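# Starting from these lines, generate the structure:
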Amino acid sequence: MNKLKWCASKRGGLKLVDPNPNLAEAYIKKAEEALESMRINVSRDWKISTAYYAVYFSLYSLMMKLGVKCEIHSCTIEFTKQFLKEYFSEGEIDFVRDSLKARIDAQYYIDRTVRDALFEKMIDSAPGFLVKCKSLHVRLNEKKVAEIRKKFLEKVGK
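This is a model prediction of the structure:
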C-alpha cells in the first residue's frame, strides 16, 4: 500500500472535509503565536518545538483552505509532497520533514540531539515559511482547490 492510501485509511489520517476559511485563518494565527513563542523562548528544545509548529500550522492552514483534515503530521507532509508540489520545492518538503524529526527528538528523547545547522535553519526559515503559506492562500482559488480535491479523490479511491 502506498503512503497516501495508508494515510487515508488511518483513523485521524487524510480525509476530505468542507473547505473552511475560518479554520484556515485560525491556523495562521496559531502559526503566528508559535513564531512569537519561538522568538521569546530561551530553551533550545522549546525553540525547536515552536519553530516546527509555526511551520506545521502554516501548512495546515492551507489544508483547511483545501478542506483536507489530517491529525498525522507525516501524512500532512505526504499530502504536501503529492498535491502541493507546484507550490513547495522538494527542499522545502524535506525541511518540514526534518523539522518534524527534530521536534520529536527534542521533545521526547534525552539522548538525541538536533544538529546546530538544522536548529539554525528552523529558526531562520520558520518566519519565511509562514509568509509563503499566507501568500498561497491568495493563489489557491476555488478552481485550484477543486482541482486538488479531485486529484486527491482519484489517488485514494474514496
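
# Could you use CA atoms for every contact and neighbour count after this?
Fine.

# From the centre of this protein, give me the residue that's furthest out.
In the chain, the residue that sits farthest from the middle, by C-alpha atoms, centre = their mean, is residue 111; the gap is 26.1 Å.

# Quick one: neighbours of residue 86, just the number.
Here the number of neighbours of residue 86 (other C-alpha atoms under 10 Å) works out to 9.

# Look up how far residue 92 lies from it.
12 Å (C-alpha to C-alpha, to the nearest Å).

# Can you give the contact residues for stretch 34-45?
Outside of stretch 34-45, the residues within contact range by C-alpha atoms under 8 Å, 6 or more residues apart in numbering are 46-48, 50-51, 53-54, 103, 106-107, 123, 126-127.

# Reformat the residues you listed as JSON lines; add neighbour count and secondary structure.
Shown next, in JSON lines, are the contacts of stretch 34-45 (neighbours: other C-alpha atoms under 10 Å; DSSP: H, G, I helix; E, B strand; the rest coil):
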{"residue": "46", "neighbour count": "16", "secondary structure": "helix"}
{"residue": "47", "neighbour count": "23", "secondary structure": "helix"}
{"residue": "48", "neighbour count": "27", "secondary structure": "helix"}
{"residue": "50", "neighbour count": "25", "secondary structure": "helix"}
{"residue": "51", "neighbour count": "29", "secondary structure": "helix"}
{"residue": "53", "neighbour count": "24", "secondary structure": "helix"}
{"residue": "54", "neighbour count": "30", "secondary structure": "helix"}
{"residue": "103", "neighbour count": "23", "secondary structure": "helix"}
{"residue": "106", "neighbour count": "20", "secondary structure": "helix"}
{"residue": "107", "neighbour count": "14", "secondary structure": "helix"}
{"residue": "123", "neighbour count": "18", "secondary structure": "helix"}
{"residue": "126", "neighbour count": "26", "secondary structure": "helix"}
{"residue": "127", "neighbour count": "18", "secondary structure": "helix"}
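
# Fine, thanks again, bye for now.
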